[in-house]
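J.: could you work out the structure for the sequence below:
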Amino acid sequence: MALYTLAFVKKAKINSEGKAPLFLRISLNGQRAEVALKRVVKPELWDNRRQCVSGRNPDAQSINSQIQAYKRAFYDHHSRLIEKGENVTVKKLKDLFNGVSRNKKSLLQAFEFHNLKMEKQVGSDFAQGTFERYKTCLKLLKEFMEQTYNYSDIPLELIKLDFINDFDYFLRTIRKCNNNTTVKYIKNFRKIINEARAYEWIQNDPFIGYKAKLEQVDRERLTQNELDKLYEKKFAIKRLDYIKDIFLFSCYTGLAYSDIQKVSKENLYTGIDGNLWIQVNRTKTNVLSRIPLLPVAEALIKKYENNPECVRSEKLLPVPSNQKYNAYLKEVADCCGINKTLTTHIGRHTFATTVTLNNKVPIETVSKMLGHRSIKTTEQYSKVLEVKISDDMSSLMDKFKPINPLKAINE
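T.: Next comes the predicted model:
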């Protein structure tokens, strides 16, 4: 029951450009079937003995990779049917390859199936930003397949480690993504593959052997001087004034954009200390955050309690769309002389560092207020605080001041 495959050029069908179509023939027990690769090549470039296109140009490499991928797919189907004890025929192999089997899915089908489900959960289980990242990842995969392989789609079972490595390379080089952005897109892609395996659309894990990890980066934040500049700046333009206020609210509560967008009076309560607190289930992680309101944050809520938009929506602040918010924040930064790209992430990081850790709030407390699942996530903020390190070491410095190190060394 040995399976044989043969890639060949149909010279009888040469087109006006002098190129002929490529086919893959499978043979089993005297039966034959052919599958079109939907690629064309000049016959003189075809190496009949090695069954590949000669040359090292990208088009030749793409065609040769496709041939190998198709061959592997047929051998995988053949092995799987034998393992199941089924009668293997050429027709059954071709049907499996073409997706005639009930559970056969392509990459785009699986990705779109995932995104359709996720879209219905935006606002409850997922943030809009998370959904947008998966949409972008799908768009990038389409570009990658078209530019690298000249595919419009690919069966899930044809996805192997080299496909993943090629996508990684495409993101880093063609799309100029940095390491962490690349790893995050690959992580999105991996979720789709994991779901496909859960639905039994594929059996094997093509990610086995793939290695990449996030690099530690310093999280940008506002210094106390920059925060004071922002607080003291008065804007005559109303839209810039409330954009500044929303950003300040993030700096003094640690709440992300999606959380600020949804908080209402129902999220406020009087804490055990008699002061006003805010509690909210974080949109990103669904972890409950409880935060005592600092005077600036409380004053901002009071400032907008009679705002028509807030009264209508029953929200604490008049939060615009994320696109408008980020665009207007750039204007706010320019007007305040702050040479940083302001985002709600920077506001959240500022709360974690400049507002709390720098003022000796214990990291365990900061972690709870930020709604982190693990204190390890919070520890990344404390690594960049030289002021905190200096404060923590000051008492030790005082202890060693009476000692003359030169005298001790010389003795």
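
J.: strands of the stretch 151-300 of the chain, start to end?
T.: 268-270, 276-281, 288-292 (DSSP state E, counting those that start in this stretch).

J.: possible to save those as a markdown table with mean neighbour count?
T.: Bear in mind the C-beta positions are built from the backbone N, C-alpha and C, glycine included. Listed next are these as a markdown table, based on neighbours: other C-beta atoms under 10 Å:
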| stretch | mean neighbour count |
| --- | --- |
| strand 268-270 | 12 |
| strand 276-281 | 18 |
| strand 288-292 | 16 |
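
J.: to Lys71, which of these lies closest?
T.: strand 276-281 (50.6 Å; C-beta to C-beta).

J.: other SSEs contacting the closest one?
T.: strand 268-270, strand 288-292 (3 or more C-beta pairs under 8 Å, 6 or more residues apart in numbering; DSSP states H and E).

J.: which of those comes out lowest on mean pLDDT?
T.: Mean pLDDT across the helices and strands packed on strand 276-281 is lowest at strand 288-292; the value there is a mean of 89.

J.: now it, how far from the chain's geometric center?
T.: 26 Å (C-alpha atoms, centre = their mean, to the nearest Å).

J.: how big is the angle separating it from strand 276-281?
T.: 170 degrees (axes from the mean of the first three to the mean of the last three C-alpha atoms, to 10 degrees).

J.: which neighbours in the sheet does strand 288-292 have, and how are they oriented?
T.: Strand 288-292 sits in its sheet next to strand 276-281 (antiparallel), going by DSSP bridges.

J.: what's the closest of the helices and strands packed on strand 276-281 to Leu255?
T.: Proximity to Leu255 (C-beta to C-beta) singles out strand 288-292 among the helices and strands packed on strand 276-281, at 7.4 Å.

J.: so which elements touch the strand or helix carrying Lys139?
T.: Assigned by DSSP states H and E, Lys139 belongs to helix 128-144. Judged by 3+ C-beta pairs under 8 Å, 6+ apart, the packing partners of helix 128-144 are helix 107-120, helix 161-173, helix 179-198, helix 257-262.

J.: one step back: quick one: which of the helices and strands packed on strand 276-281 is nearest Lys303?
T.: strand 268-270 (14.7 Å).

J.: report all helices and strands that that closest one contacts.
T.: strand 276-281.

J.: can you list the residues that contact the strand it packs on?
T.: 253, 255, 259, 262-263, 267-271, 287-293, 297-298 (C-beta atoms under 8 Å, 6 or more residues apart in numbering).

J.: sorry, back to before: distance to Gln224 added to the strands of the stretch 151-300 of the chain, as JSON lines?
T.: Below are the strands of the stretch 151-300 of the chain laid out as JSON lines (distance: least, C-beta to C-beta, whole Å):
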{"stretch": "strand 268-270", "distance to Gln224": "27"}
{"stretch": "strand 276-281", "distance to Gln224": "23"}
{"stretch": "strand 288-292", "distance to Gln224": "20"}
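
J.: what comes up buried for whichever helix in the chain runs longest?
T.: The longest helix of the chain (DSSP state H) is helix 58-83. Residues of helix 58-83 classed as buried: 62-67, 69-71, 73-74, 76-78, 81 (neighbour count, 16 or more other C-beta atoms under 10 Å).

J.: same thing with stretch 293-312?
T.: For stretch 293-312, the neighbour count (16+ other C-beta under 10 Å) marks Leu293, Leu294, Val296, Ala297, Glu298, Leu300, Ile301, Tyr304, Cys310 as buried.

J.: Met397 versus the closest residue to the first one other than its chain neighbours, what's the distance?
T.: To tie it back to what came earlier, the one meant is Leu293. Of all residues not flanking Leu293 in the chain, Leu276 sits nearest, at 4.8 Å (C-beta to C-beta, 6 or more residues apart in numbering). In this view, Leu276 and Met397 are 39 Å apart by C-beta to C-beta, to the nearest Å.
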